[in-house]
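model the structure of this input:
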Amino acid sequence: MPLDRIGPFEYRRFAPSPPPPLGAGRLEARRHAVLIAGGGPVGLATALGLGRWGIPSVVIEADDSVCEGSRAACISRRSLEILDRLGVARPFLDKGLAWTRGRSYYGTQEVFVLEMPCTPGDRFPPMINLEQYYMEQYLLEAIAGLNAATPGLVDVRWCSKVTGLESRPDGVSVRIENALGDYQAGADWLVACDGGQSFVRNALGLALEGVGYQGRYAIVDIELASDHPTERRAWFDPPWARGTTILMHRQPDDIWRIDYQLAAGEDAAQAMQPGQIRQFVQRHLDAIGEGHLSWQPVWTSVYRAGAMTLDSYRHGRVLFAGNAAHAMPIFGVRGLNSGFDDADNLAWKLAAVVRRRGGEALLDSYSHERVAAFHVNAASAMRSTEFMSPPNRGFELMREAALSLAARHKGIARLVNPRQTQAITYRDSPLSGSGDGGFTAGPEPGAPLLDMRVGPGTHLTGLLAAQGFTMLVFGDSPAAREVEAASGSATWPVLPAARVQLDARGPVAQAYGAADGTVYLVRPDGHVCGRWHAPRAHEVTGAIRRACASQEIPA
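From the prediction side, this is the model:
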């Protein structure tokens with residue numbers, strides 16, 4: 001049965017959306033700019049991102065509420081920057097639990113401590129824990145705020161499924177079904193955010209390719225009034241559960257997430273029986289000194305690790321994001337965080353295309369950059385997965401050797417590092433230029449902006465233009481002023497650029513390798529697309545045109 005609540009969180013159930021006004025053949029009278037299949041975090045973030053650019057969308061969601069269970073429970077600093085651009089970071093931070101430390105044990109001995117970089121001046125913590133149902137709820141509340149200002153900007157249609165798809169060179173037509181009827185809807189673009197079992201992906205005859213691991217993990221959320229600090233804990237081969245690995249995370253509302261590996265050949269249905277789960281969890285809590293506390297399970301699931309992707313995230317007028325585009329192992333928390341990066345990369349590009357301020361090659365660049373990011377993420381995730389869940393006896397022997405030596409040898413202990421997710425640099429992005437070189441520091445073209453404090457309560461990532469490019473100008477740059485004036489013109493053919501003035505001799509300038517007159521050009525998603533020590537106006541405007549795909553982009 002559907003859950004009514006988890007802790008203090010109460011589920012609001014939505015009724016099926018009635019068919020809109022229909023024409024002949026039960027075709028929706030209105031053609032949409034963008035349809036989004038799937039109303040999970042990635043679909044909602046994409047709709048919210050488009051809405052911030054004034055682009056209307058329709059979200060088709062099969063369920064009648066936000067998700068059940070913690071699911072994707074860790075949000076990275078990079079994702080918090082993205083959520084801030086969407087105007088929704090504050091509730092995530094207010095409710096989420098920040099953490100910087102992870103502890104790993106071999107048996108009962110601590111063998112590695114992960115310390116994620118964090119300083120008092122940071123705008124966001126390196127990681128927060130927050131259940132996915134809260135994430136979806138906060139995204140929906142932000143969408144409601146957009147709709148209050150611009151009614152109908154984001155139309156979320158609950159209890160509705162996409163059951164048919166026709167893709168044409170000029171748009172898409174989808175069949176939508178719910179308990180109140182079925183109908184056809186048309187759109188210029190379809191964004192598939194409909195998860196690991198994506199109907200859209202299957203309808204186009206596409207499949208994820210990559211590595212699927214045999215190891216399976218049980219996921220159990222429990223309500224437990226423990227005062228243990230918020231940190232990631234991992235136990236390898238503990239005496240109370242020989243042959244398995246256990247992970248434990250604290251979440252808001254006294255909800256604790258426990259992941260543990262099922263034995264090879266173990267029947268998953270049997271292992272997930274309430275009695276079996278209770279026995280395992282109680283034994284674990286007894287072993288870590290918390291067995292005297294009362295607890296109860298609130299959600300369970302089974303997970304199998306895999307690192308797989310489509311070879312392209314654009315297929316004509318259909319674009320893929322999140323788990324519909326790729327699958328990531330849970331280790332290193334790259335799943336949903338990669339999905340938020342997908343939404344952030346895609347929203348501004350699709351908005352530019354819809355507004356006719358960018359060429360369709362922008363959408364090819366979305367696929368190019370995000371597929372490349374998958375392979376970077378997958379390389380780290382696969383190493384973590386092979387350590388957490390060894391695929392064969394050879395890997396088991398290697399892990400046992402590393403764990404047995406880790407407590408005494410710091411170099412070997414690094415092998416236990418869970419390799420947490422990090423922001424990706426698009427080093428071979430077709431949107432980036434080389435600039436004029438000569439930089440000894442600072443983010444290179446394709447890299448995410450290096451966030452720094454620039455004044456009381458002010459950080460660089462909070463100064464990016466809402467709907468365009470940002471020029472970070474150190475000291476005096478006449479070229480930057482020319483570009484800003486030109487991009488403010490009504491005849492400007494691409495997205496505009498706004499100027500942020502910075503001290504040419506302060507700590508930001510030092511970190512960016514900047515001198516008087518240096519200019520960095522930053523994309524709407526916070527990635528650098530050009531930098532110059534002595535720019536000329538035509539170089540910067542040319543870089544903007546290139547980054548909007550308004551000139552031919554080399555393959």
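
and the strands in the stretch 301-450 of the chain?
314-315, 318-320, 326-327 (DSSP state E, counting those that start in this stretch).

mean pLDDT for those strands: which is lowest?
Ranked by mean pLDDT, those bottom out at strand 326-327, with a mean of 93.

Gln296 and Leu224, how far apart?
From Gln296 across to Leu224, the span is 8 Å (C-beta to C-beta, to the nearest Å). Every C-beta, even on glycine, is put in place using the N, C-alpha and C of the backbone.

try Cys74
For Cys74 relative to Leu224 (C-beta to C-beta), the value is 18 Å.

so what's Ser57 up against?
32-36, 46-47, 50-51, 153-155, 191 (C-beta atoms under 8 Å, 6 or more residues apart in numbering).

next step: those residues restricted to strands.
Among the contacts of Ser57, DSSP state E puts 32-36, 154-155, 191 in strands.

how about those residues, which pair is most distant?
Maximum pairwise distance in the ones in strands among the contacts of Ser57, criterion C-beta to C-beta, is 14.0 Å, between Asp155 and Val191.

so between those two, which is more surrounded?
Val191 (31 against 19; other C-beta atoms under 10 Å).

I figured that one was touching Thr46, is that so?
Yes - applying C-beta atoms under 8 Å, one finds Val191 in contact with Thr46, separated by 5.6 Å.

list residues touching both of those two?
Between them, Val191 and Thr46 share the contacting residues 36, 57, 321, 346, judged by C-beta under 8 Å, 6+ apart.

identify the farthest-apart pair in those.
Maximum distance among the shared contacts of Val191 and Thr46 (C-beta to C-beta): 12.8 Å, for Ser57 and Ala321.

mutual contacts of the two, please.
Going by C-beta under 8 Å, 6+ apart, residues that sit against Ser57 and also against Ala321 are 46, 191.

so what pairs up with the closest residue to Arg232 other than its chain neighbours in the strands?
Leaving aside its sequence neighbours, Arg232 sits nearest to Gly102 (C-beta to C-beta, 6 or more residues apart in numbering; 3.6 Å). With DSSP bridges as the criterion, Gly102 is bridged to Leu114, Arg232.

helices of the stretch 51-200 of the chain, start to end?
Using DSSP state H, counting those that start in this stretch, the helices assigned to the stretch 51-200 of the chain run over residues 77-85, 89-95, 132-149, 199-203.

select, out of those helices, the one closest to Leu247.
Using C-beta to C-beta, those put helix 132-149 closest to Leu247, at 16.5 Å.

that closest one vs helix 77-85, what angle?
20 degrees (axes from the mean of the first three to the mean of the last three C-alpha atoms, to 10 degrees).

can I get helix 132-149 in CSV? Just the C-alpha atoms.
C-alpha atoms of helix 132-149 as CSV (Å, rounded to 0.1, in the frame of the first residue of the first chain):
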residue,chain,number,x,y,z
GLN,A,132,14.4,12.3,-2.3
TYR,A,133,10.8,12.8,-1.4
TYR,A,134,11.8,16.1,0.2
MET,A,135,13.8,17.0,-2.9
GLU,A,136,10.8,16.5,-5.2
GLN,A,137,8.5,18.3,-2.8
TYR,A,138,10.8,21.4,-2.8
LEU,A,139,11.1,21.4,-6.5
LEU,A,140,7.3,21.2,-6.8
GLU,A,141,6.9,24.1,-4.4
ALA,A,142,9.3,26.2,-6.6
ILE,A,143,7.3,25.3,-9.7
ALA,A,144,4.2,26.4,-7.9
GLY,A,145,5.9,29.7,-7.2
LEU,A,146,6.7,30.1,-11.0
ASN,A,147,3.1,29.2,-11.8
ALA,A,148,1.8,31.8,-9.4
ALA,A,149,3.7,34.5,-11.3
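
okay, buried residues for it please.
Of all the residues in helix 132-149, those buried under the rule 16 or more other C-beta atoms under 10 Å are 132-140, 142-143, 146.

that helix - what's its average pLDDT?
Mean predicted confidence for helix 132-149 is 98.

touching it from outside, list them.
Contacts for helix 132-149 (C-beta under 8 Å, 6+ apart): 6, 9, 11, 39-41, 44-45, 47-48, 51-52, 66-73, 75, 86-88, 91-92, 95-96, 153-154, 156, 252, 336.

could you rerun that using 6 Å?
41, 44, 48, 51, 66-67, 71-72, 87-88, 91, 95, 153-154 (C-beta atoms under 6 Å, 6 or more residues apart in numbering).

run the chain-centre distance for that helix.
Put simply, helix 132-149 sits 17 Å off its chain's centre (C-alpha atoms, centre = their mean, to the nearest Å).

and for stretch 170-185?
With C-alpha atoms, centre = their mean, you get 28 Å for stretch 170-185.

which phi and psi does Cys193 have?
With angles defined as degrees, to the nearest 10, Cys193 sits at phi -120, psi 40.

give me the distance between it and Val318.
12 Å.

again, but for Pro20
Distance of Pro20 to Val318, given as C-beta to C-beta: 22 Å.

more neighbours: these two, which one.
Val318 (22 against 14).

and the nearest residue to that one once chain neighbours are set aside, how many neighbours?
Ranked by C-beta to C-beta, 6+ apart and with sequence neighbours excluded, the top spatial neighbour of Val318 is Leu190, at 4.9 Å. For Leu190, the count of nearby residues is 27 (other C-beta under 10 Å).

contacting residues for Leu190?
35, 172, 318.

pLDDT score assigned to the first one?
Looking at Leu35, its pLDDT stands at 98.

give the rounded mean pLDDT of the helix or strand Arg278 falls within.
If you go by DSSP states H and E, Arg278 is part of helix 274-287. What helix 274-287 shows for mean pLDDT is 96.

can I get the CA coordinates of it in PDB?
Extracted in PDB, the C-alpha atoms of helix 274-287 (Å, rounded to 0.1, in the frame of the first residue of the first chain):
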ATOM      1  CA  PRO A 274      10.200  -8.200   7.100                       C
ATOM      2  CA  GLY A 275      11.500 -10.800   9.600                       C
ATOM      3  CA  GLN A 276      14.800 -11.200   7.800                       C
ATOM      4  CA  ILE A 277      15.300  -7.400   7.500                       C
ATOM      5  CA  ARG A 278      14.500  -6.900  11.200                       C
ATOM      6  CA  GLN A 279      16.900  -9.600  12.200                       C
ATOM      7  CA  PHE A 280      19.800  -8.200  10.100                       C
ATOM      8  CA  VAL A 281      19.300  -4.600  11.200                       C
ATOM      9  CA  GLN A 282      19.000  -5.500  14.900                       C
ATOM     10  CA  ARG A 283      22.200  -7.500  14.700                       C
ATOM     11  CA  HIS A 284      23.900  -4.500  13.100                       C
ATOM     12  CA  LEU A 285      22.600  -2.000  15.600                       C
ATOM     13  CA  ASP A 286      23.600  -4.300  18.500                       C
ATOM     14  CA  ALA A 287      27.200  -4.500  17.000                       C
END
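
quick one, helices of the stretch 351-500 of the chain?
Going by DSSP H, counting those that start in this stretch, the stretch 351-500 of the chain shows helices at 361-388, 393-406, 410-413, 478-487.

check these for me: which has the lowest mean pLDDT.
helix 410-413 - the lowest mean pLDDT of the helices of the stretch 351-500 of the chain, at a mean of 62.

wait, what's in contact with the closest residue to Leu35 other than its chain neighbours?
The shortest distance from Leu35 to any non-neighbouring residue, by C-beta to C-beta, 6+ apart, is to Ala187 (4.1 Å). Ala187 makes contacts with 32, 35, 172, as judged by C-beta under 6 Å, 6+ apart.
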